[in-house]
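# Fold the stuff below for me.
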Amino acid sequence: MSLNSQEEFLKNYHPFDCLNQLELELCLNNIDISYYPKDSILISSTNISEFFFIIIKGEVHQYNNEELISIYQQEDSFDANSLIYEKCNSVFKVNEDLICYELNKQTFLKLISLNKEFKKYYLQNLSNKLQELKKKQYTNEMSSFMISRVSELYIHKPYIVDNSTIIKEAIHSSVTKNTSSIIVKQNNQYGIITDSILKKEIILNGVCFDQPCSKIAQFPFICVSYDDFLFEVLMLFTKYSIKRVGVLKDEKLIGIIYQVDVLSYFANHIHLIDIQIQKANTIDELKLASIDITKAVKSLFSKGVKTTYIAKMVAQLNTKVYEKLFLLIVPNDLQNSCSLLVMGSEGRDEQILKTDQDNALIISNDTNKELYVKYMQEFNSSLLDFGFPKCSGDIMVINPYWRKTQKEFELQIKKWLQGNSMQSYMDLAIFFDAKVVAGNKEFLLLLKQNLFKQVKNNDVYMAYFAKATLNFETPINMFSNLVSKDNKIDLKKGSIFAIVHGIRSLALQNEIFQRSTIARIKKLNSINIIPRDLASEIIEAFELLLRLKLQGQIYNINQNKQITNSIDIDKFSKIQRDMLKDSFIIVNNFKKFISNHFRLSNIS
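Residues are numbered from 1 along each chain as shown. Model prediction:
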């Protein structure tokens, strides 16, 4: 690689992008490209490295006491700590042949002494500190569940035919090869013919056996990479209700893995819940599936699965529950004339346990909204029976305020935008987080587009909307000590709400359609609204706070206590307390950012 290529890379690689030209030249004069074969030990407690590494190609695993705690891949870097502190408690081992940049120790430390931003990143960055603390905290929770890859499974050999192959020939060959799936290649794309597709197309639709396979193949065949994590594959199975995926290596299909292969590897019950939901023909059958979701949450949490992954899985399952319940209750002729919404944390895909229900119904302008009253009453009663508590704010489809026609919601948005009360701001905030779970998806999209037009350049309204970010005090004092009442801290009020609403305010102001808090943060960073360092810190803090909240809620469930947003810090380890303090510092820094961005000091 040329020197110019290295320079261009470093100029776009944080925090090397903070270096001035002289410092960058110093770096370029002392950086090399090196190669290490698989199984090479780069760093250990007895072999402290003399280099800072940035991966160009390959993979490095970090182990603590022989347990894998981190995986480094392309454009990841390590290990500043061992260079700075001249000690290392981990082993860094090459897992795939490694090509990397090596910056010698002397130059790395020289850059730290010369450049304040460079030094700040490696010595004071709270996001990095949180990551290190989280590694220690989760070491005992880590399992093969999160680090297992597709390559570790048995991959079934595919039977691939050209798109012009006659159906009869393909079936005959598949029988002799004892495979239940026929993969059809068309140009650079793959499709699939399964037994169920054959039954539907040949028997029911009367397609002739002498037709080409492309006539009945389903395109595209969903595929994953040979190096993908199995948990991501599991989420695909759940999201698309499929039973098999293709495996790609170097963009070529090398095999198939089946849902049962992945599930037998993990031995959890997610697939059973999904099947239960699909096959439920009565509300009672659907209830059993919904109740099992909480059991799955506890299982996933105990395996050390990231809270955001659990949230995504739960959101996908709950969406299927809502949709199936809607289909069981609402008559066919009314289903496409309305849009069923979930809002708040459920709308953001961040509600893991059943803490409350925030839902609404948008009804077509040319449909009598009174036709839905009895069905929404049954819908609400069923959710209560499923374990979704009643919303204390009455934000439910049984409330006429949240069951309106399209035109009525348009008028309601205008009233909310008048900002006559704090409740109007919060109602708009809840609605902005909405997602469609059943019915016509266009209704909500049109309303959100209308909302964006009305808030555009309305700086005064946005300032008052964002002000709620500062509603609650962060539970930490000026000496960075935790502030609690009877050793309890309400995480939602004290920290999570500030992040959620502050990010929501920025998303509304900048016409961002993403719903989840983390997706919004990443989008805001990509359009240069939130600096990269702050964005990383907020994500780290947010993920940690969600996990600690879930930990407390699961503890309450196991003790047969009411689910709350409070945690008992008296039961926390020192590491957990340190992580909590660092997270609260990040929350306060973010509050200052929001205050400056919206100029909150200028409003009463």
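# Please make it C-alpha for all contacts and neighbour counts, starting now.
Noted.
# Break down the stretch 501-604 of the chain into its strands, ranges please.
Ranges of strands in the stretch 501-604 of the chain, per DSSP state E, counting those that start in this stretch, are 566-568.
# next one: the stretch 51-200 of the chain
51-64, 67-72, 77-78, 91-104, 160-162, 181-186, 189-194.
# which secondary structure elements does the fifth one contact?
Packed against strand 160-162, as judged by 3 or more CA pairs under 8 Å, 6 or more residues apart in numbering; DSSP states H and E, are the following elements: strand 181-186.
# so the strand it packs on versus strand 189-194, what angle?
Interaxial angle, strand 181-186 versus strand 189-194 (axes from the mean of the first three to the mean of the last three CA atoms, to 10 degrees): 150 degrees.
# residue ranges with poor pLDDT in the stretch 151-300 of the chain?
264-272 (pLDDT under 70).
# Test my guess that Asn487 contacts Ser566.
No. Counting by CA atoms under 8 Å, Asn487 sits too far from Ser566 to count as a contact (9.9 Å).
# Compare neighbour counts for the two and give me the winner.
Ser566 (19 against 13; other CA atoms under 10 Å).
# show me the contacts for the closest residue in space to the more buried one that isn't next to it in sequence.
Of all residues not flanking Ser566 in the chain, Asp490 sits nearest, at 4.1 Å (CA to CA, 6 or more residues apart in numbering). Contact analysis of Asp490 by CA atoms under 8 Å, 6 or more residues apart in numbering lists Asn565, Ser566, Ile567.
# still on that earlier bit, select, out of the strands of the stretch 51-200 of the chain, the one closest to Thr294.
The closest of these to Thr294 is strand 67-72. By CA to CA, the value is 27.1 Å.
# Send me that closest one as PDB with only the CA atoms.
Output of strand 67-72 as PDB, limited to C-alpha atoms (Å, rounded to 0.1, in the frame of the first residue of the first chain):
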ATOM      1  CA  GLU A  67     -12.500 -17.100  27.700                       C
ATOM      2  CA  LEU A  68     -13.200 -15.100  24.600                       C
ATOM      3  CA  ILE A  69     -14.300 -11.600  25.500                       C
ATOM      4  CA  SER A  70     -13.800  -9.600  22.300                       C
ATOM      5  CA  ILE A  71     -13.400 -10.000  18.600                       C
ATOM      6  CA  TYR A  72     -11.500  -7.500  16.400                       C
END
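# Turn the contacts of Asp490 into a markdown table, columns for distance to Phe9 and pLDDT.
Formatted as a markdown table, these follow (distance: CA to CA, whole Å; pLDDT from 0 to 100):
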| residue | distance to Phe9 | pLDDT |
| --- | --- | --- |
| Asn565 | 44 | 88 |
| Ser566 | 45 | 89 |
| Ile567 | 44 | 89 |
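# Let me know the outermost residue of this structure.
The outermost residue of the chain relative to its centre, with distances by CA atoms, centre = their mean, is Asp210 at 46.0 Å.
# Tell me if I'm right that that one and Ile167 touch.
Yes. Asp210 lies in contact with Ile167 (CA under 8 Å); the separation is 6.1 Å.
# what do the two both touch?
Counting by CA under 8 Å, 6+ apart, Asp210 and Ile167 have no shared contacts at all.
# and Ala466, how many neighbours does it have?
By the other CA under 10 Å criterion, the neighbourhood of Ala466 contains 27 residues.
# again, but for Leu236
So Leu236, with other CA under 10 Å, has 20 neighbours.
# So for it, what's the nearest residue that isn't a sequence neighbour?
Leaving aside its chain neighbours, Leu236 sits nearest to Ile242 (7.8 Å; criterion: CA to CA, 6+ apart).
# name the element that neighbour belongs to?
Assessed by DSSP states H and E, Ile242 sits outside every helix and strand.
# Phi and psi next, for it.
The phi/psi pair for Ile242 (degrees, to the nearest 10) reads phi -110, psi 170.
# how close does it sit to Asn178?
Per CA to CA, to the nearest Å, Ile242 is found 21 Å from Asn178.
# How about Glu410?
Distance, Glu410 to Asn178, using CA to CA: 58 Å.
# do the same with Ile530
On the measure of CA to CA, Ile530 and Asn178 end up 55 Å apart.
# how about the strands in the stretch 201-350 of the chain?
223-225, 244-249, 252-258, 338-342.
# how about those strands in TSV, adding distance to Glu378 and mean neighbour count?
Listed next are those as TSV, based on distance: least, CA to CA, whole Å; neighbours: other CA atoms under 10 Å:
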stretch	distance to Glu378	mean neighbour count
strand 223-225	40	20
strand 244-249	36	20
strand 252-258	38	19
strand 338-342	14	26
